[in-house]
Structure formats: C-alpha cells, structure tokens
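Novice: prediction below, plus the sequence it came from.
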Amino acid sequence: MTSYKKFKFLNIYTEGHISTIKINHPKALNALNTKIFHEFNRALTMVENDNNNRVLIITGVDKSFVAGADISEMVNLNQEQAKAFGEFGSEVFRRIELLHIPVIASINGFALGGGCELALCCDIRIASQNAKFGLPEVGLGITPGFSATQRLPRLVGTGKAKELIYTGSIIDAQEALDIGLVNKLTTREELEEETLIMAQKIAEQAPIAVQCAKKAINSGMDTDIESGIEIETNHFAHCFTTKDQKNGMQAFLKREKTTFEGK
Ligand code: CAA
C-alpha cells in the first residue's frame, strides 16, 4: 500500500495505480450524511491530484455498501433545506461520474436509495451475491434525491426504472444483474479480489485513451448521435498526440508487450 488516509467516515488508500474509498459508517449501515459528502469532496480532490491514479474503487465496510441518505438528518428538513441537501449530494455524485478516471462501485451489501444512486454514478458496478438494490424513497414520502430518476432509466430503461422507483421494491443481486443494473456478480469473499482484477485490467491500458473513452461515452450519452460521433473523433485524434499511442502501436507491430506511461 503506497498511501493510506483515514477521515471520520471514509478510509482512502492507494496501491499502484488504484485508489479505494471505503465508506466507514457501520452504525448506520453507511448511510450518507452531510459530513460524509464533505469528506467525499476532500477524497475526490486527493484522487484528482495524484497523477498516478488510473482507477477509483468505491466500497463500504461490513454488510452494507450504503443504506441510503441518512434518514435521521432528513426527517425535519424544510423545502429549502431539502433542496440544498439534494443539490449537495447530486453535485458530489456528478463529480464522481465526471471524475477523469473510471470509478468502480464494489457493492458489498445494501445499495438502497442514495446507496443505489451512488452505485449509479460510478462507471461500472460489481456486486456480491448478498447485495440488495432498490429505491425505497416513495415509502418514506419522498422521491429519490440524488439523481436516480435520471440515471436509472438511462441504465436499465424507463419501464424498469419506473417500476423500481414507483414500487420501492428491493431486488436481489441476481435480478440487478439480469436487468443490467450491475455488470458482474461475485461471492462476498471474492468481491474485493474480483474488483481489483477488473481495476488492474483497466489500469494496464493506456490511461489517456481510457480517460478519453470515458469522456466520449459520458458526453455522447447526453447528446445526439452526430454530435457524439464528432466528440469521439476528436478524442480519437487526440490520442495520436500521445507517446502511449506511438509505443502501443509500435509494440504491436513488433509483437512486443508495452507498459503505458500515461503520456
Ligand atoms: N438512514 C439512517 N439510519 C439508517 C439508515 C438510513 N438510510 N439505514 C439504516 N440505518 C440505521 C438504522 O436506523 C439502525 O440504527 P440503530 O441501530 O441505531 O437502530 C442501523 O442502521 C441498522 O439498521 P437496521 O436495524 O434497520 O438493520 P436491518 O438489517 O434490520 O435492515 C435495512 C437493513 C433493510 C437496510 C434497513 O436498515 C433499512 O430499510 N434502511 C433504510 C433504507 C432506505 O430507506 N434508504 C433510503 C433512504 S432515503 C434516500 O436515500 C433519499 C435520497 O435519495 C436522497
């Protein structure tokens, strides 16, 4: 492990090119409060400032990924305060979505409400078989507040998203896999290892190319296909300014293996 930092609710560690943020609020099943969002902002700045980082993993301690936004913090909010809370959470999640490197949600248990929304803003979701997913907010008298009404339909389709959000149903990990909410399932014991294998596979690729691909996919999903194709072409062309492209292609032609420098 090259570095380790412990906040009150988050542990952040980096090994090689991979950083991990582990949410550590087990008393409330890792429910998200304002302090945790502030800590997320600090942790994301640390990740952004370390040029060595190529992948970020987000996970939780014990039996929960995140059991939602903290209901005890929300119970007495008025309209204005609720707007500020929703905006803050959504801003942090958007920051994760737009982080320059890929983010993998390693879902070790409950991913409910704000926890499901946290998983949704990550690029890739790997879940253990014990994980549970759902948006139970309407059962608390509210809508989802950290962008699930926007991201869930984009990921699983409008019909399934509406069903899950209107009924507040909790689904198991296999169903989440079946509907495309998660990319991959593992046992609880193998979750960390399987997540690291995928992170390592990403970290071995040319990092600028991976980051350009992330930008192209994110921007392209929010626009028409003609504009999206133009966005991709510009990123594709940009890769030809990098040393990694020259080295990667030359190594292929010489039947050699290359290690990418991120330059
Ligand atoms: N907020 C605050 N505290 C929470 C919490 C949450 N979202 N989820 C769990 N906790 C707390 C419980 O109150 C309990 O605390 P105490 O020990 O002090 O009583 C502790 O975590 C353990 O929880 P349970 O005893 O309930 O554990 P369980 O294993 O019996 O049940 C559970 C687990 C099914 C996840 C259940 O805790 C639960 O339903 N949690 C709430 C899930 C939820 O509704 N999430 C959506 C929140 S709203 C939201 O997220 C809004 C938004 O989009 C912005």
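Specialist: Received, thanks.
Novice: does the ligand sit close to stretch 96-115?
Specialist: Yes. For stretch 96-115, a contact with the ligand is found by C-beta under 6 Å from any ligand atom, at F110, L112, G113, G114. C-beta: built from backbone N, CA, C; applies to glycine.
Novice: ok, now which ones touch the last one?
Specialist: The contact partners of G114, by C-beta atoms under 8 Å, 6 or more residues apart in numbering, come to A31, L32, V66, G68, A69, G89, G145, F146.
Novice: which residues touch the first one?
Specialist: If a contact means C-beta under 8 Å, 6+ apart, then A31 has H25, V66, A67, G68, A69, D70, I71, G114 as its contacts.
Novice: ok, the last one next?
Specialist: F146 makes contact with A69, G86, G89, S90, F93, G114, E117, L118 under the criterion C-beta under 8 Å, 6+ apart.
Novice: for it, what are phi and psi?
Specialist: phi -120, psi 40 (degrees, to the nearest 10).
Novice: state the distance from it to R95.
Specialist: 12 Å (C-beta to C-beta, to the nearest Å).
Novice: what's the answer for the fourth one, then?
Specialist: Here the criterion is C-beta to C-beta. By it, G68 lies 19 Å from R95.
Novice: with the third one instead?
Specialist: Summarising the geometry, the distance separating V66 from R95, computed by C-beta to C-beta, is 16 Å.
Novice: out of these two, which sits in the more crowded spot?
Specialist: Between V66 and R95, V66 has the larger neighbour count (other C-beta atoms under 10 Å), namely 31 against 15.
Novice: OK, contacts around that one?
Specialist: I23, L29, N30, A31, L32, G60, F110, A111, L112, G114, G115, L118.
Novice: neighbours of the closest residue to it other than its chain neighbours, how many?
Specialist: Excluding its sequence neighbours, the residue lying closest to V66 (C-beta to C-beta, 6 or more residues apart in numbering) is G115, at 3.0 Å. Other residues near G115 come to 31 when the count uses other C-beta under 10 Å.
Novice: and G115, that's in a helix?
Specialist: Yes. Under DSSP: H, G, I helix; E, B strand; the rest coil, G115 sits within a helix.
Novice: pretty sure it is touching G68, no?
Specialist: Yes. Taking C-beta atoms under 8 Å as the definition, G115 is a contact partner of G68 at 5.6 Å.
Novice: identify the contacts common to the two.
Specialist: Common neighbours of G115 and G68 (criterion: C-beta under 8 Å, 6+ apart): L32.
Novice: A161: how many residues sit nearby?
Specialist: Quick note: A161 (other C-beta under 10 Å) scores 22 neighbours.
Novice: what's the pLDDT at Y4?
Specialist: pLDDT, Y4: 85.
Novice: let the chain start at 899 from now.
Specialist: Fine by me, first position is 899 from now on; the one you just mentioned is Y902.
Novice: can you tell me the SS state at it?
Specialist: At Y902 the chain is in strand, as set by three-state DSSP.
Novice: what of the one 10 residues further on?
Specialist: When the structure is split into helix, strand and coil by three-state DSSP, T912 lands in strand.
Novice: what about the strands in the protein?
Specialist: For the chain, strands defined by DSSP state E occupy the ranges 901-904, 908-913, 916-921, 953-958, 962-964, 1001-1005, 1008-1010, 1022-1026, 1030-1032, 1068-1070, 1082-1084.
Novice: how near is the residue lying closest to G1126 once chain neighbours are set aside to L954?
Specialist: Nearest non-adjacent residue to G1126, counting by C-beta to C-beta, 6+ apart: G1118, 3.3 Å away. In this view, G1118 and L954 are 22 Å apart by C-beta to C-beta.
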